[in-house]
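Colleague: sequence unknown, structure follows:
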Ligand SMILES: *Cc1c(COP(=O)(O)O)cnc(C)c1O
C-alpha cells in the first residue's frame with residue numbers, strides 16, 4: 001500500500017512540475033515516516049526511496065540503526081538542545097533550527113565530531129500559535145549570525161510549517177513569502193549560506209507549495225495513512 005501511495009504522490013508531483021515549468025528532479029518527496037514501523041520504510045526502500053523524515057531524534061536514531069540499507073533520515077521536528085548530540089551525525093539535514101542558541105550547540109557538537117552539519121532555518125511565516133520557528137523579520141539576522149560564528153554549519157535554505165487549512169490556496173502567500181525571504185538572504189552572498197532548499201508543503205498543500213518553489217515536500221499521511229499517537 002505504501003508503495004502505491006508513494007508512486008501516486010510522486011506522479012502528482014511530476015505533473016505539477018510539468019504544469020508550472022519546473023524540473024521534476026528539483027523536487028524531493030520526503031517520506032515522513034514518524035510513528036510508522038520500520039517495515040513501511042523497508043517497503044519503500046525496495047523501490048529506491050532514500051529520504052525519510054522523522055520528528056523525534058530518538059526515533060530517527062533507532063530507525064537509522066535498524067534499517068537494512070543506509071538511507072537519509074531528515075530531522076523535521078523541533079530539536080531540543082539536550083538532543084543535539086544524538087542528532088548531529090545522524091540526521092542528514094536538520095530542518096528545524098530556529099535560534100542562535102540551538103545553532104551554537106550544533107556547532108559545538110559538529111566541531112567535536114569534526115563534521116559539517118547541513119541545516120535549514122525554520123520560519124514561522126504564518127505567525128501561528130506554534131512556539132517554534134522564527135519570525136520572518138528576524139530570519140536574515142539569525143542567518144548572518146550563524147554564518148559568522150558557526151564554521152561547521154552550512155545553511156542550505158529555509159523550512160516552514162504552514163497552517164492546516166481547508167483550501168490549500170490559502171497557504172499560497174505563506175509559501176511565496178518563504179521563497180522571497182530565501183531570495184533576499186541569498187542576495188547577501190554569505191559564506192556557508194546557499195538558500196537553494198525550500199522545505200515546504202505537506203499532504204494537504206504540497207501542490208501549491210511546489211508551484212511556489214518548494215524543493216522538498218514533506219508528506220506523511222498521504223503515503224503512510226493516518227498516524228495513531230496512542231499506541
Ligand atoms: C508530520 C509532519 C509532516 C507530514 O504531515 P502530513 O500532513 O502527514 O503530510 C510534515 N512536516 C512536519 C514538520 C511534520 O511534523
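Modeller: Received, thanks. A quick note: this is a predicted structure, and the numbers were derived from the prediction, not measured.
Colleague: nearest spatial neighbour of residue 56, skipping sequence neighbours?
Modeller: Among residues not flanking residue 56 along the chain, residue 77 sits closest, at 6.0 Å (CB to CB, 6 or more residues apart in numbering). Heads up, the C-betas are built off the backbone N, CA and C, glycines and all.
Colleague: please identify the helix or strand for the residue nearest to residue 213 when sequence neighbours are not counted.
Modeller: Leaving out its chain neighbours, the residue that sits closest to residue 213 by CB to CB, 6+ apart is residue 179, at 4.3 Å. According to DSSP states H and E, residue 179 maps onto helix 172-186.
Colleague: and that helix, is it in reach of the ligand?
Modeller: No - Helix 172-186 lies out of reach of the ligand by CB under 6 Å from any ligand atom, never closer than 13.6 Å.
Colleague: and that helix, how far from the chain's centre?
Modeller: Averaging C-alpha positions (CA atoms, centre = their mean, to the nearest Å) puts helix 172-186 15 Å from its chain's average.
Colleague: flag every buried residue along whatever helix or strand comes next after it.
Modeller: Later in the chain than helix 172-186, the nearest helix or strand by DSSP H and E is strand 193-199. Within strand 193-199, the residues that count as buried by 16 or more other CB atoms under 10 Å are 193, 195, 197, 198, 199.
Colleague: picking up where we left off before, hmm, the residue nearest to residue 56 is touching residue 32, no?
Modeller: No - using CB atoms under 8 Å, residue 77 is not in contact with residue 32, being 9.8 Å away.
Colleague: what about these two, which has more around it?
Modeller: More neighbours surround residue 32 than the other of residue 77 and residue 32, with 26 against 21 (other CB atoms under 10 Å).
Colleague: what about the helix ranked longest in the chain, near the ligand?
Modeller: For the chain, the longest helix by residue count, based on DSSP state H, is helix 2-19. No - Helix 2-19 stays clear of the ligand (CB under 6 Å from any ligand atom), getting no nearer than 9.6 Å.
Colleague: after that helix comes which helix or strand?
Modeller: strand 28-32.
Colleague: the chain: helices as residue ranges?
Modeller: Going by DSSP H, the chain shows helices at 2-19, 38-45, 57-66, 84-87, 100-113, 139-149, 172-186, 206-211, 221-224.
Colleague: what residues does the protein have near the ligand?
Modeller: Taking CB under 6 Å from any ligand atom, the part of the chain that reaches the ligand is made up of 32, 34, 55, 76-77, 161, 202-203, 218-222.
Colleague: who wins for neighbours among these?
Modeller: When neighbours are taken as other CB under 10 Å, the top entry among the residues of the chain next to the ligand is residue 76 (29 neighbours).
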